[in-house]
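Q: Need a 3D model of the sequence below.
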Amino acid sequence: MNFSNKHLIQISAYILLVLVINQALYTALYVAKVDVSRQFLWGLEGVLFTVLIAFAGAAMLQLKNNQLMWSAITFSAVLNMIQVSIGMTLFGTFREAAGELEALKPALGGVVALSFMIYYAAKLLLGLAALSIGMSAMSEGSKVLGSITAGIGGIAVLANATLITFGRDGFLPSGVAGTTGVLATLLLAICLIAAARKS
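A: This is a model prediction of the structure:
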């Protein structure tokens, strides 16, 4: 099965958009304290990230320009799939075990910390992808969208790099990294849709 460059860009962009909507929905439900099935929302993310690996990876190999962006998108999807897998398979298991045995609470904390480290690395890569496509868009004449995307992407890179370096208990709230990463992903998807139209 062969996909044109335009189709690879479009499919990757729409997957990123659905991921942003899914993450925003999960966050809104969590903040509102609405009981929601993690299995479905996290499982959907896992499926989307797996498919994104295939399409962004194909684009990285097939397209002649912006390899850095496609590499960042592909490997962010790999990391996100690992992070979602840890959340779906280990959080509940370790929480249940730690509830029965106090000595296992540090192990639960370690699993959560590992998951967040992977999460920050994935968001850093998406920020880098947004920074890259934003700079490309600026050079091609889309000054406003390009500058906003590059700016948010740069902030996402710095925020997530800070949390990787200093940890979740450092001076920067974890939500800043997540929020800027999601915004960078949204703008990245919008830029990709615009690029697909041009192609």
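Q: ok, so what distance separates the residue nearest the centre of the chain from Leu192?
A: Taking C-alpha atoms, centre = their mean as the criterion, Lys123 is the residue nearest the geometric centre of the chain, at 4.8 Å. Going from Lys123 to Leu192 by C-beta to C-beta, to the nearest Å gives 17 Å. For every residue, glycine as well, the C-beta is placed using N, CA and C.
Q: Export the lowest-mean-pLDDT helix or strand in the chain to PDB, keeping only CA atoms.
A: Within the chain, no helix or strand scores below helix 92-100, which has a mean of 75 by mean pLDDT, DSSP states H and E. What follows is helix 92-100, C-alpha atoms only, in PDB (Å, rounded to 0.1, in the frame of the first residue of the first chain):
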ATOM      1  CA  GLY A  92      -3.200  -0.200  39.100                       C
ATOM      2  CA  THR A  93      -1.100  -3.200  39.900                       C
ATOM      3  CA  PHE A  94       1.400  -1.300  42.000                       C
ATOM      4  CA  ARG A  95      -1.300   0.800  43.600                       C
ATOM      5  CA  GLU A  96      -3.100  -2.300  44.700                       C
ATOM      6  CA  ALA A  97       0.000  -4.000  46.000                       C
ATOM      7  CA  ALA A  98       1.100  -0.800  47.800                       C
ATOM      8  CA  GLY A  99      -2.300  -0.700  49.500                       C
ATOM      9  CA  GLU A 100      -1.700  -4.100  50.900                       C
END
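Q: What is the longest helix seen in the chain packed up against?
A: When the chain is scanned for its longest helix (criterion: DSSP state H), the result is helix 105-139. Contacts defined by 3 or more C-beta pairs under 8 Å, 6 or more residues apart in numbering; DSSP states H and E place helix 105-139 against helix 67-86, helix 92-100, helix 143-166, helix 174-198.
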